[in-house]
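Q: Next comes the sequence, and after it the predicted model I'd like to discuss.
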Amino acid sequence: MHFHFIAIGGSAMHNLAIALHLKGEKVTGSDDEIFSPSKDRLLKYGLLPKKIGWDLKNIHEEIDTVILGMHARIDNPELKRAKDLKIQIFSYPEFIYEQTKNQLRVVIGGSHGKTSITSMILHVLNKQNIEHNYMVGAQLDGFECMVKLTNSSEIAVIEGDEYLSSPIDRRPKFHLYNPNIAVISGIAWDHINVFPTFENYLEQFNIFAKSIDEKGSLIYCQEDSDLKKMVNSNSYSCELIPYKTHNHIIIENNTYLTENNTHHSLDIFGNHNLQNLKAAQIVCEKIGVKSNEFYISIADFKGASNRMELVAKNDHFSFYKDFAHSPSKLKATTSALKHQFPSRNLVACMELHTYSSLNLEFLKLYHSCMSSADEAYVYFNEETIKHKKLQNIEKQDVYDAFGSKNLKVFNSSIELEKELISKNWLNTNLLMMSSGNFDGLDFKELATKII
């Protein structure tokens, strides 16, 4: 079959395109901007469009299916042409469902932890040689492509994003998967440009929970008060399985899982990671992985890429980076690193980068979220605010919102880097958190200068 991708450069879209190409299908695509790593990976497989932009010549009657990405606008000329020719059009979550509707679908939802839980499950299933399809929104180490679609697999593990499906389908992606097994890791208001109130955002997770097969299971974190309240306030036909942070101990900066008076070694740490791990364990048990097999398999899991990922270390210093950007994740990640290394000082640095975080009203939700750090740095770029067409933010707005005495605010990445290089890092750890890149700050180079 011939599949054409409108907005092929997206994180999930380009992976799906590669997966179909590897399956032997004919794949073409277009986009008005494509950045690396998507660009490099599409080029590797011969799928990079010959020219950037939209072209009506791309859409013709020989195309069987168009897959539409969220990056495309509703007035996209290729989309209009496909509609005129009555070509079948799918958003990528619709297409993933069509490809997996006869399989056991495990969908991982939640405001945070989705990628970590999904990657833990994939790690264990690979270790146990259990065949499975998957779709993950972020690139994971050890995976060439983050979508796998085969006809032979009986299981599909899907990261369930709550953002919108496509320009012509304003439903959240995870509403379209109809899971047999679902996880909700927690609910913390995000995407305020789409969900203007917390109540509206919360309702999307309620709809997701109600979409679970009546013979299926909802695995949910009972330590999240809003999520617990939602579950207790509604009636769901599926099985309800609450979970909480896995029992553990910390010995000499190393975390061990504890179960039946037995210690199981780990490479990861932090309550948030161990919440995620417990969810992954329950999912794996549902699939047929015994607890001892899970503990053996998870022992060498090093974490999802950019999720509490170690950049560099020596005997008295460790440098971690994390994708954290929401208030709840900042608080959890900062607390985890301080708890893991209680005798070391912690410098935690985050970038205000998302639409939500750069909104003056939403900014207030960051109050005290980095209080666990000995020193907290917040960086934002005024040009990013202008690009997103948001109201301007002053440094004082950030100080007022975070409300911490340990805070320094920067709007120059050069000044931030100078500050970090000038510090004495003896018996001190560094944590850099962002969904962006601090305007191109090279963490490896920074680590070299610090060490």
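A: Structure's in. What do you need? Numbers count the residues shown, from 1 in each chain.

Q: contacts and neighbour counts: CA atoms only from here.
A: OK.

Q: So which residue is dead centre in the protein?
A: residue 115 (4.6 Å; C-alpha atoms, centre = their mean).

Q: Before we go further, it is sitting in a helix, right?
A: Yes - counting by DSSP: H, G, I helix; E, B strand; the rest coil, residue 115 falls inside a helix.

Q: Please name the residues that touch it.
A: Residue 115 is in contact with 136, 137, 138, 159, 304, counting by C-alpha atoms under 8 Å, 6 or more residues apart in numbering.

Q: Mind picking the two most distant members of the residues you listed?
A: Farthest-apart pair in the contacts of residue 115 is 159 and 304; separation 12.9 Å (C-alpha to C-alpha).

Q: could you check the distance from residue 411 over to residue 384?
A: 11 Å (C-alpha to C-alpha, to the nearest Å).

Q: backbone phi and psi for the residue nearest to residue 336 when sequence neighbours are not counted, please?
A: Distances taken as C-alpha to C-alpha, 6 or more residues apart in numbering place residue 270 nearest to residue 336, at 4.3 Å, with adjacent residues excluded. Note on residue 270: its backbone torsions stand at phi 100, psi 140 [degrees, to the nearest 10].

Q: What is the neighbour count of residue 270?
A: 21 (other C-alpha atoms under 10 Å).

Q: so it makes contact with residue 333?
A: Yes - using C-alpha atoms under 8 Å, residue 270 makes contact with residue 333 at a distance of 7.4 Å.

Q: Walk me through the domains of the protein.
A: Listed domain ranges for the chain are 2-86, 100-298, 309-450 (source: automatic domain parsing).

Q: and the strand ranked longest in the chain, which strands flank it?
A: Counting by DSSP state E, the longest strand found in the chain is strand 345-352. Note on strand 345-352: by DSSP bridges, its sheet partners are strand 375-380 (parallel), strand 428-433 (parallel).

Q: Quick check: pLDDT value at residue 124.
A: Note for residue 124: predicted pLDDT of 97.

Q: how close does it get to residue 392?
A: Taking C-alpha to C-alpha, one finds residue 124 at 46 Å from residue 392.

Q: Distance from the chain centre to the helix ranked longest in the chain, please.
A: As assigned by DSSP state H, the longest helix anywhere in the chain is helix 271-287. Centroid separation for helix 271-287 versus its chain: 16 Å, with C-alpha atoms, centre = their mean, to the nearest Å.

Q: before we move on, what about stretch 343-360?
A: Distance, centroid of stretch 343-360 to centroid of chain: 17 Å (C-alpha atoms, centre = their mean).

Q: what about it, start to end distance?
A: 36 Å.

Q: Sort out which residues of it are buried, please.
A: For stretch 343-360, the neighbour count (16 or more other C-alpha atoms under 10 Å) marks 344-360 as buried.

Q: can you list contacts of it?
A: So stretch 343-360 is contacted by 190-193, 325-326, 334, 337-338, 362-363, 370, 373-381, 384-385, 388, 390-391, 393, 397, 427-436, 438 (C-alpha under 8 Å, 6+ apart).

Q: try 6 Å
A: 192, 363, 373-380, 427-434 (C-alpha atoms under 6 Å, 6 or more residues apart in numbering).

Q: sec struct for the residue of the chain most remote from its centre, please.
A: The centre of the chain is farthest from one residue, residue 61, which by C-alpha atoms, centre = their mean lies 36.6 Å away. When states are read from three-state DSSP, the local structure at residue 61 comes out as coil.

Q: do you know how far it is from residue 350?
A: 49 Å.

Q: Next, give phi and psi for residue 98.
A: The phi/psi pair for residue 98 (degrees, to the nearest 10) reads phi -60, psi -40.

Q: Return the residues in contact with residue 110.
A: Per C-alpha under 6 Å, 6+ apart, neighbours of residue 110: 184, 185, 186, 187.

Q: Sitting in strands, which of the residues you listed do you find?
A: The strands, defined by DSSP E, take in residue 184 from the contacts of residue 110.

Q: Redo the contacts of residue 110 as TSV? Include pLDDT.
A: Below are these laid out as TSV (pLDDT from 0 to 100):
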residue	pLDDT
184	98
185	97
186	95
187	96
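
Q: could you dump the contacts of residue 110 to CSV with distance to residue 91?
A: CSV is the format used below for those (distance: C-alpha to C-alpha, whole Å):
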residue, distance to residue 91
184, 23
185, 25
186, 26
187, 25
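
Q: ok, for residue 149, nearest residue in space, not its chain neighbours?
A: For residue 149, ignoring the flanking residues on the chain, the nearest one in space by C-alpha to C-alpha, 6+ apart is residue 133 at 5.4 Å.

Q: contacting residues around the one you found?
A: Neighbour list for residue 133: 148, 149, 156 [criterion: C-alpha under 6 Å, 6+ apart].

Q: Is the first one in contact with residue 134, as I believe?
A: To tie it back to what came earlier, the one meant is residue 148. Yes - in this structure residue 148 lies within contact range of residue 134 using C-alpha atoms under 6 Å: 5.2 Å.

Q: And stretch 382-402, end to end?
A: Per C-alpha to C-alpha, the first residue of stretch 382-402 is 18 Å away from its last.

Q: Also stretch 125-138?
A: 18 Å.

Q: same deal with stretch 189-204?
A: One end of stretch 189-204 sits 11 Å from the other (C-alpha to C-alpha).

Q: same thing with stretch 238-249?
A: End-to-end span of stretch 238-249 (C-alpha to C-alpha): 34 Å.

Q: quick one: the helices in the stretch 301-450 of the chain?
A: 327-340, 360-363, 382-387, 395-402, 413-422, 443-450 (DSSP state H, counting those that start in this stretch).

Q: Between residue 124 and residue 392, tell me which one has more neighbours.
A: Neighbours were counted for residue 124 and for residue 392 using other C-alpha under 10 Å; residue 124 has more, 23 against 13.

Q: got the contact list for that one?
A: residue 297 are the contacts of residue 124 under C-alpha under 6 Å, 6+ apart.

Q: 8 Å instead?
A: With C-alpha under 8 Å, 6+ apart, residue 124 has these contacts: 284, 294, 297, 298.

Q: ok, the first one - contacts?
A: Same thing as residue 284. By C-alpha under 8 Å, 6+ apart, the neighbours of residue 284 are 121, 124, 125, 290, 294.

Q: at 7 Å what do you get?
A: The contact partners of residue 284, by C-alpha atoms under 7 Å, 6 or more residues apart in numbering, come to residue 121.

Q: Pairing partners for residue 350 in the sheet, please.
A: residue 378, residue 433.

Q: Could you report the separation of it from residue 212?
A: Distance, residue 350 to residue 212, using C-alpha to C-alpha: 36 Å.
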